[in-house]
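Enquirer: turn this into a model:
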Amino acid sequence: MSGKRWISTLGALSLAIAGLGAQAALAAPIQTSQPSKPRSAQLPPLSDYVGTYAYQGGTIEIVAADDLFAVLDGAKYRLRRKSGDVFINGAGADATFHRGPDGAVSAVQDETGLNPRLSPRVSARTKAGFRPRPLGAPPYRYRTPPNLRDGIPVGDVGKSDLGAEAANRIVAGVLDQTWSDVDSVLIFQGGKLVLEEYFYGYDRDTPHQLRSATKSVVGAVVGAAVANGALALDEPVLPRLGYANVANSDPRKSAMTLRHLLTLQSGLDCDDHAPGSPGGENQLYNTPDWIRVMVDLKMVQAPGAAGHYCTGDTFLAGRMVEKATGRALPDYAQRRLFGPLGIRRTDWTWNHELTNANKQFGMMSMRPRDMLKLGMLYANGGRWGDKQVLPAAWVKESLSPLSRVENTDYGYLWWRMSLRVTTPDGPRRVYLSAAQGNGGQKIYLVPELDLIAVFTGSRYNTGDAPQNKIMATVVLPALINARGIKGDVGAPAR
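Expert: Residues are numbered from 1 along each chain as shown. Purely as a prediction, here's the structure:
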């Protein structure tokens, strides 16, 4: 998967960041002229549009780089010029800039309404997001990651299988933008964190949006609830959620279990990537009660028959935890998962209603080192230090091919995928487990190479995955070569 999404078709300057969020009008429209037409064939410079604008009860920033970008909650979205002062946002809708009597841009109008320009300036943090490193920064020099005594051992990359040359190639490729919009790279190999680098204004203390990688976090929280006896994998969904009566009643719906939700095999009429799907994200987020919409959907298949990429399945699984434990999912996660790992919960709103459509759509943000901790937990069979946080059997099943989603193996909200790697001895196929989110949020597990790799990124909605390329062209070839491996790595049993 090159960019599986917690939020699908995120378009800057759309009806919230998903492209279809809440229909919220801005406070008071301002007086404005019609969009101006250029006086000559020359288009207005992109610098005309730079600034901070009111948007959806908050603000959005417009930045001119090689193209025009909208920046919302730290996420960058390219705007393509259609004509003059009219651009097309990521949702395919017009974003029209208006000018005042003095000719200066005064507002931008999209599906949400008229959004006044508040200032011609943008924040320093947003500016930093358009350069891998600040102007005038000294040349890159490798440093061993610091030992923060946070449960993450550290070591020198030159003494690891990755090697200093490969590490320098990774960083050089990010800095010269061979691999664009990679915000962080953490390589944990041979039991130690040997490479930890941050770019585009991020640092180790800055939480990063996880997007759909949040699904894998939800899977871990569900595992904790099952381990503590609050839930059973094969218990029916509807009774636990408390719905005695639902629309489109169907015996198959009554047979839907927690296990089906975790493998995205609910059988409900839900597919985020099928236009117009009644349970797809772009339909769901514009309704007042996402859970109700999901349980009222028609059944199109028997549960367990086939996997479809359905974020709503994850919402149902999380709500089952809440009903079973009497706690909000983030609170239960802090107690049973994050707390034992020393992770500070950040920016996670788990409401399934329109108020969350104006916020984070159920996704969370996490520091990359904390993402690494989650990867370490799964790589260690659910154990952290001397504590068994998740059952080893749960972890093994989570990372096993239990269903197929978009032609890729899938476990309990974890992907089981492969990358084609070129080596001097010919192409190799490396099989790995992954938590993945739109924009380049990645946790890769390759136990055969004693590797956990964590990436964050801001390349949203492009279909491009520079993180996969870094893995396939630098990281994996270096490890295969260092270990003298001649065949495929982690190939499934035949």
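
Enquirer: helix or strand with the lowest mean pLDDT in this protein?
Expert: helix 354-357 (a mean of 74; mean pLDDT, DSSP states H and E).

Enquirer: parallel or antiparallel, list what pairs with whichever helix or strand comes after that helix.
Expert: Using DSSP states H and E, the helix or strand that follows helix 354-357 towards the C-terminus is strand 365-366. The sheet places strand 365-366 alongside strand 208-209 (antiparallel), with pairing taken from DSSP bridges.

Enquirer: and the partner strand, average pLDDT?
Expert: Across strand 208-209, the average pLDDT comes to 94.

Enquirer: secondary structure element holding R252?
Expert: Under the criterion of DSSP H and E, R252 resides in helix 251-254.

Enquirer: which outside residues touch that helix?
Expert: Here helix 251-254 makes contact (C-beta atoms under 8 Å, 6 or more residues apart in numbering) with 236, 238, 246, 267-268, 295, 299, 301-303. All C-beta atoms are positioned from the backbone trio N, CA, C, and that covers glycine.

Enquirer: buried set for that helix?
Expert: When burial is assessed from 16 or more other C-beta atoms under 10 Å, helix 251-254 yields the following buried residues: 252-253.

Enquirer: mean confidence (pLDDT) on that helix, please.
Expert: Rounded mean pLDDT across helix 251-254 is 97.

Enquirer: gap between it and the chain center?
Expert: 32 Å (C-alpha atoms, centre = their mean, to the nearest Å).

Enquirer: same deal with stretch 341-358?
Expert: Using C-alpha atoms, centre = their mean, the mean C-alpha position of stretch 341-358 is found 14 Å from that of the whole chain.

Enquirer: picking up where we left off before, and the next helix or strand past the helix holding R252?
Expert: On the C-terminal side of helix 251-254, the closest following helix or strand by DSSP H and E is helix 258-262.

Enquirer: okay, the helix holding R252 in CSV with CA atoms only?
Expert: Coordinates of each C-alpha in helix 251-254 appear next as CSV, following Å, rounded to 0.1, in the frame of the first residue of the first chain:
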residue,chain,number,x,y,z
PRO,A,251,-29.2,-12.4,9.5
ARG,A,252,-25.7,-11.8,8.1
LYS,A,253,-25.5,-8.6,10.1
SER,A,254,-26.3,-10.4,13.3
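
Enquirer: use 43 as the first number from now on
Expert: Got it, first residue is 43 now, which makes that one helix 293-296.

Enquirer: contacts only, for A421.
Expert: Neighbour list for A421: 487, 489, 494 [criterion: C-beta under 8 Å, 6+ apart].

Enquirer: what's the spacing between it and V259?
Expert: Separation of A421 from V259 (C-beta to C-beta, to the nearest Å): 16 Å.

Enquirer: try A146
Expert: Taken as C-beta to C-beta, the span from A146 to V259 is 45 Å.

Enquirer: so the two - more neighbours on which side?
Expert: Legend: neighbour count by other C-beta atoms under 10 Å for A146 and V259, higher for V259 (28 against 11).

Enquirer: and the more buried one, helix, strand or coil?
Expert: Of the three states, V259 takes helix under DSSP: H, G, I helix; E, B strand; the rest coil.

Enquirer: grab the nearest non-local neighbour of P195.
Expert: Distances taken as C-beta to C-beta, 6 or more residues apart in numbering place K234 nearest to P195, at 4.7 Å, with adjacent residues excluded.

Enquirer: bridging across strands, which residues link to that neighbour?
Expert: So, taking DSSP bridges as the rule, K234 has Q231 as bridge partners.

Enquirer: now do R470
Expert: Going by DSSP bridges, R470 forms beta bridges with V463.

Enquirer: I figured it was touching V531, is that so?
Expert: Yes. Assessed by C-beta atoms under 8 Å, R470 is found in contact with V531 at 6.6 Å.

Enquirer: for these two, list the residues in contact with both.
Expert: Common contacts of R470 and V531 (C-beta under 8 Å, 6+ apart): 518, 522.

Enquirer: low pLDDT regions in the protein?
Expert: Residues of the chain meeting the criterion pLDDT under 70: 43-83, 388, 399-401, 535-536.

Enquirer: do that again at 50, thanks
Expert: Within the chain, the set of residues satisfying pLDDT under 50 comprises 43-76, 78-82.

Enquirer: among the contacts of A421, who's most crowded?
Expert: I494 (25 neighbours).

Enquirer: for that one, I want the exact helix or strand it lies within.
Expert: Secondary structure assignment for I494, by DSSP H and E: strand 493-499.

Enquirer: before we move on, what about M418?
Expert: With DSSP H and E as the test, M418 turns up in helix 410-421.

Enquirer: ok so, going back, please save the CA atoms from the least confident helix or strand of the chain in PDB.
Expert: Extracted in PDB, the C-alpha atoms of helix 396-399 (Å, rounded to 0.1, in the frame of the first residue of the first chain):
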ATOM      1  CA  LEU A 396     -19.700  16.100  13.000                       C
ATOM      2  CA  THR A 397     -17.700  17.800  15.700                       C
ATOM      3  CA  ASN A 398     -14.800  15.400  15.000                       C
ATOM      4  CA  ALA A 399     -15.200  16.000  11.300                       C
END
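
Enquirer: name the helices or strands packed onto that helix?
Expert: Under the contact definition 3 or more C-beta pairs under 8 Å, 6 or more residues apart in numbering; DSSP states H and E, helix 396-399 sits against no other helix or strand.
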